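> prediction below, plus the sequence it came from.
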Amino acid sequence: MKTMKVEVRSQELERTGNSDRETCEIRESGKPGVCNKELEWTEMNMLWFDTISKKQAKNQACNLMCRFYGMHVWETHMSTHKLSETEYLDVERRATFKSEFFDGEIFAMSGGTRWHSLIPMNIGGELRNQLKGCGCVVYDSNLRVKVVATGLYTYPDVIVACGKQEFVDEVQDTLTTPTVIVEVLSDSTEAYDRGAKFENYRRIPSLKEYLLVSQKAPYIEHFIRQEGEQWLLKETSGLEAKLYLPTLKVTIALAEVFANVEFPPRPLR
């Protein structure tokens, strides 16, 4: 069983010149489908935490690295300390990769495919062109969204915000009032996007429409909020089809959404 060590140094140790290091070992879980990434075993991963103690830094770094690489912690004596939202934002704003946050835990996000990158750009471009001067703004996946009711912090693939926009703080990098959210489905996140994430999104009062976009076929599932907290599902498929978003009063062609996307061959069964 291969193992790797994650080295953690607190900034306090660096300032005082103390050369003491904390390490934890993590290993591949062996669970099929969990870890398909070949790691560079000589690589040392340095994580810096100003606002938490050295022990907490070790625990949080180990947990974060395990999630990032799809692993489980080898040590069984890890702390149960949970990060506060303030601690998460402090870490996240200096991190080199994106992580979601929920219930005191950080969940590192994996990279997307070529089509997962292209489709949101196509959708964002179409929406931006049609919404000029309409009081709505289109954002890409670099902007976080917080679900105030549940505490989830996440990064939708495309966000449209109309009217007055509200943010977590003066940095204005975490929106709390999205109007439309778009997620492009992938094998690793499809169940989450349909299930727990959508359950959280439904708790956002400002959210009116939610789109789940396939990258395997020209197909979009479109959820529209109704009275009584009901959601109406409409399905749109085929490159000749068009999708109407009633909240935004715009229509986008699926030929534009999936422009330059190459779909895999459809299986016979």
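Here it is on my side, so go on.
> going forward, measure contacts between C-alpha atoms and count neighbours the same way
Fine.
> which strand or helix spans Asp169?
Using DSSP states H and E, Asp169 falls within no helix or strand.
> where's it relative to Glu85, distance?
According to C-alpha to C-alpha, to the nearest Å, Asp169 stands 12 Å off from Glu85.
> when the two are compared, which one has more neighbours?
Glu85 (17 against 9; other C-alpha atoms under 10 Å).
> so for Gly111, what's the pLDDT?
At Gly111, the model reports a pLDDT of 77.
> likewise for Ile220?
98.
> now it. Nearest residue, chain neighbours left out?
Nearest residue to Ile220, sequence neighbours excluded (C-alpha to C-alpha, 6 or more residues apart in numbering): Val213, at 4.6 Å.
> so who does that neighbour touch?
182-185, 219-221 (C-alpha atoms under 8 Å, 6 or more residues apart in numbering).
> among those, which are located in strands?
182-184, 219-221 (DSSP state E).
> can you pick the most crowded of those residues?
Result: Glu183 is most packed of those (other C-alpha under 10 Å), 24 neighbours.
> does that one touch Asp157 like I think?
Yes - here Glu183 reaches Asp157: they are 5.2 Å apart, a contact under C-alpha atoms under 8 Å.
> circling back: out of the ones in strands among the contacts of Val213, which is nearest to Lys208?
Set against Lys208, the nearest of the ones in strands among the contacts of Val213 by C-alpha to C-alpha is Val182 (11.5 Å).
> in a markdown table: the contacts of Val213, plus distance to Phe97.
Output for the contacts of Val213, formatted as a markdown table (distance: C-alpha to C-alpha, whole Å):
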| residue | distance to Phe97 |
| --- | --- |
| Val182 | 21 |
| Glu183 | 19 |
| Val184 | 19 |
| Leu185 | 20 |
| Tyr219 | 29 |
| Ile220 | 28 |
| Glu221 | 29 |
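> state the helix or strand in which Met121 lies.
helix 114-130.
> contacting residues around Thr236?
Going by C-alpha under 8 Å, 6+ apart, the list of residues near Thr236 reads 219-222, 242-243.
> whoops, I mixed them up, Leu243
Contacts of Leu243 by C-alpha under 8 Å, 6+ apart are 236, 251-254.
> now, which of these lie within helices?
Leu254 (DSSP state H).
> please confirm that Glu199 is located within a helix.
Yes - under DSSP: H, G, I helix; E, B strand; the rest coil, Glu199 sits within a helix.
> and it, how many neighbours?
Based on other C-alpha under 10 Å, the number of other residues close to Glu199 is 13.
> ok, now how distant is it from Thr189?
14 Å.
> with Glu240 instead?
27 Å.
> of these two, which one has the most company?
Per other C-alpha under 10 Å, whichever of Glu240 and Thr189 has more neighbours is Thr189, with 15 against 11.
> circling back to that earlier point, tell me the one among the contacts of Leu243 nearest to Asn142.
Ile252 (22.8 Å).
> you'd agree that closest one is up against Glu240?
No - under the criterion of C-alpha under 8 Å, Ile252 makes no contact with Glu240, lying 10.9 Å away.
> give me the common contacts of the two.
Common neighbours of Ile252 and Glu240 (C-alpha under 8 Å, 6+ apart) do not exist.
> and Lys242, how many residues sit next to it?
Lys242: 15 surrounding residues under other C-alpha under 10 Å.
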